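Enquirer: Structural data only, the sequence is not supplied:
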Ligand SMILES: C=C(O[C@@H]1C=C(C(=O)O)C=C[C@H]1O)C(=O)O
């Protein structure tokens with residue numbers, strides 16, 4: 001299948017240092033921007049110098065990587081700042097399932113970024129002052145909610161069916177998700193959602209790419225030169241009602257055989273996928289605990305050193321889909337997801353992030369997110385299912401995960 005491309009012959013790119021731009025999300029002049037922000041640092045972009053829409057396929061990451069390399073190799077780049085994220089960057093978001101046709105890369109015309117206190121502005125092909133706010137955001141009002149593909153009881157039945165399948169020995173773990181729809185009376189402005197998410201979940205990666213908006217805690221891969229990092233998450237419980245309850249829950253999660261098993265599938269796969277690419281690799285023996293406002297997770301921070309020059313997208317290609325969002329074995333889990341979820345996940349649970357002309361970049365797994373389309377938002381949440389999963393508990397966990405985007409929409 002053909003790639004759908006919008007790009008000029010040659011990009012003229014200029015990065016300049018700028019005074020501190022303040023809140024990056026507040027720099028977006030209109031709702032159709034791209035963003036990747038954590039703890040106030042990151043990049044936001046708007047306008048489109050180039051766009052690539054990929055038809056799907058298992059090679060979608062390497063095709064995107066090749067297209068981008070050619071585009072950036074032919075660009076005239078003036079970048080005295082030379083940090084990860086300076087010069088031309090592409091924001092991207094890939095379909096979870098290779099059969100899904102939704103993958104997209106966007107090279108914005110304007111990018112404002114901040115890293116370690118240094119701020120910059122990148123402009124492609126135009127010098128008009130982009131830093132004036134032209135269209136102030138308004139919050140969504142009068143939201144109405146509807147089930148997506150499966151009602152809560154139907155989704156619990158799907159979880160029970162997955163447990164049965166696991167018990168027969170067909171697979172060890174599968175991640176099942178469901179979707180929910182919200183409708184507002186006016187078009188939803190992603191900037192409001194981004195501000196709320198980055199305010200409430202500062203340690204998560206707050207993102208917007210071509211209408212997919214969320215705040216994910218899960219770092220699939222960050223590549224900075226020859227260094228790679230990942231944060232594997234799997235195994236979840238709700239936050240407690242007070243400090244004592246919270247600590248008791250944390251202790252139960254850290255000791256839960258079911259959650260440790262769910263986690264081990266994901267951490268081991270990431271280790272196995274990165275090991276052949278790295279000269280050094282550290283994966284902790286036991287996961288840590290990551291506390292977010294709505295849930296806590298078992299978390300394994302992974303560090304490695306790449307053996308050869310590989311762009312971050314090539315490393316993404318080696319990792320996706322991890323058992324944190326698919327299952328083990330991968331193919332059996334993917335087939336079961338298609339059979340039981342009754343929906344196309346689109347870009348939910350796919351890689352989302354950015355890459356620059358050096359091949360540096362950060363890619364998260366698109367979780368705690370919604371696809372925004374005019375007045376409609378389609379929210380997603382999923383849970384890892386293993387042999388001793390309980391459908392009612394998994395439904396509660398999915399509802400806790402939905403809360404991030406419900407808060408983003410409702411305030
Ligand atoms: C699938 C989601 O989250 C994933 C599943 C987790 C789990 O099952 O414990 C934890 C973190 C994520 O890797 C989601 O948020 O939709």
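Expert: Yep, that arrived. Note that the coordinates shown come from a computational prediction; the quantities given were computed from them, not determined experimentally. Residues are numbered from 1 along each chain as shown.

Enquirer: can you give me the strands in the stretch 251-400 of the chain?
Expert: Shown for the stretch 251-400 of the chain, the strands assigned by DSSP state E, counting those that start in this stretch span residues 278-282, 288-291, 295-306, 327-328, 351-356, 361-365, 369-373, 376-385.

Enquirer: Which neighbouring elements make contact with the fifth one?
Expert: In this case it means strand 351-356. helix 60-73, strand 89-93, strand 205-209, strand 212-216, helix 312-319, strand 361-365 (3 or more CB pairs under 8 Å, 6 or more residues apart in numbering; DSSP states H and E). C-beta here means a position set from N, CA and C on the backbone, and glycine is covered the same way.

Enquirer: run the last query once more with 7 Å
Expert: Packed against strand 351-356, as judged by 3 or more CB pairs under 7 Å, 6 or more residues apart in numbering; DSSP states H and E, are the following elements: strand 89-93, helix 312-319, strand 361-365.

Enquirer: Which of the ones you listed sits closest to the ligand?
Expert: strand 361-365 (6.5 Å; CB to the nearest ligand atom).

Enquirer: Would you point out which residue is most central in this structure?
Expert: Of all residues in the chain, the one closest to the mean position by CA atoms, centre = their mean is residue 366, 2.7 Å from it.

Enquirer: Show me the contact partners of whichever strand or helix holds residue 407.
Expert: In the assignment (DSSP states H and E), residue 407 maps to helix 391-410. Helix 391-410 is contacted by residues 140, 143, 152, 155-156, 159-160, 178, 180, 182, 193, 196-197, 200-201, 214-215, 236, 238, 294-295, 368-370, 377, 379, 381-383, 385 when judged by CB atoms under 7 Å, 6 or more residues apart in numbering.

Enquirer: If we check the ligand, which of those are in contact?
Expert: 236, 368, 381, 382, 383 (CB under 6 Å from any ligand atom).

Enquirer: Who wins on neighbours among those residues?
Expert: Among these, residue 368 has the most neighbours (other CB atoms under 10 Å), with 31 neighbours.

Enquirer: for that one, what are its contacts?
Expert: By CB under 7 Å, 6+ apart, the contact list for residue 368 reads 214, 215, 216, 401, 404, 405.

Enquirer: what about the residue nearest to it when sequence neighbours are not counted, how many residues close to it?
Expert: What sits nearest to residue 368 in space, not counting adjacent residues and going by CB to CB, 6 or more residues apart in numbering, is residue 404, at 4.1 Å. Counted with other CB under 10 Å, the neighbours of residue 404 add up to 27.

Enquirer: Which pLDDT value goes with residue 404?
Expert: We note a pLDDT of 97 for residue 404 in this prediction.

Enquirer: Return the distance of it relative to the ligand.
Expert: Separation of residue 404 from the ligand (CB to the nearest ligand atom, to the nearest Å): 8 Å.

Enquirer: residues in contact with residue 185?
Expert: Shown in contact with residue 185 (CB under 7 Å, 6+ apart): 141, 142, 375.

Enquirer: Reformat those residues as a markdown table; add pLDDT.
Expert: Listed next are the contacts of residue 185 as a markdown table, based on pLDDT from 0 to 100:
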| residue | pLDDT |
| --- | --- |
| 141 | 90 |
| 142 | 91 |
| 375 | 98 |
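
Enquirer: And those, which is closest to residue 103?
Expert: The closest of those to residue 103 turns out to be residue 375 (CB to CB; 24.8 Å).

Enquirer: Now do the contacts for the closest one.
Expert: Counting by CB under 7 Å, 6+ apart, the residues that residue 375 touches are 183, 184, 185, 186, 187, 188.

Enquirer: Next, the distance between the ends of stretch 313-325.
Expert: End-to-end distance for stretch 313-325: 18 Å, by CA to CA, to the nearest Å.

Enquirer: likewise stretch 333-347?
Expert: Using CA to CA, the gap from the first to the last residue of stretch 333-347 comes to 17 Å.

Enquirer: could the strands of the stretch 251-400 of the chain go into JSON lines alongside mean pLDDT?
Expert: Listed next are these as JSON lines, based on pLDDT from 0 to 100:
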{"stretch": "strand 278-282", "mean pLDDT": "98"}
{"stretch": "strand 288-291", "mean pLDDT": "97"}
{"stretch": "strand 295-306", "mean pLDDT": "98"}
{"stretch": "strand 327-328", "mean pLDDT": "97"}
{"stretch": "strand 351-356", "mean pLDDT": "98"}
{"stretch": "strand 361-365", "mean pLDDT": "98"}
{"stretch": "strand 369-373", "mean pLDDT": "98"}
{"stretch": "strand 376-385", "mean pLDDT": "98"}
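
Enquirer: Compare these and report which one is nearest to residue 102.
Expert: When the strands of the stretch 251-400 of the chain are compared by CB to CB, strand 369-373 sits nearest residue 102, at 8.9 Å.

Enquirer: So what are the sheet partners of the closest one and their directions?
Expert: Sheet pairing for strand 369-373, assigned by DSSP bridges, gives strand 212-216 (antiparallel), strand 376-385 (antiparallel).

Enquirer: Where does the prediction get shaky in the protein?
Expert: Applying pLDDT under 70 to the chain flags residues 1-2, 127-133.

Enquirer: can you pull out the helices in it?
Expert: Using DSSP state H, the helices of the chain run over 60-73, 152-167, 190-200, 243-255, 257-274, 312-319, 330-341, 391-410.

Enquirer: The residue lying closest to residue 69 once chain neighbours are set aside - how many residues pack around it?
Expert: In this structure, residue 69 finds its nearest non-sequential neighbour in residue 311, 7.5 Å apart by CB to CB, 6+ apart. Using other CB under 10 Å, the number of residues around residue 311 comes to 22.

Enquirer: show me the contacts for residue 226.
Expert: Contacts of residue 226 by CB under 7 Å, 6+ apart are 305, 306.

Enquirer: where does it sit relative to the ligand, distance-wise?
Expert: Residue 226 is 26 Å from the ligand, by CB to the nearest ligand atom.

Enquirer: so the residue of the stretch 151-300 of the chain found nearest the ligand bridges to which residues?
Expert: In the stretch 151-300 of the chain, the residue that lies nearest the ligand is residue 236 (3.4 Å; CB to the nearest ligand atom). Here residue 236 sits in beta bridges with residue 297, going by DSSP bridges.

Enquirer: If anything else comes up later, I'll come back, but that's it for now.
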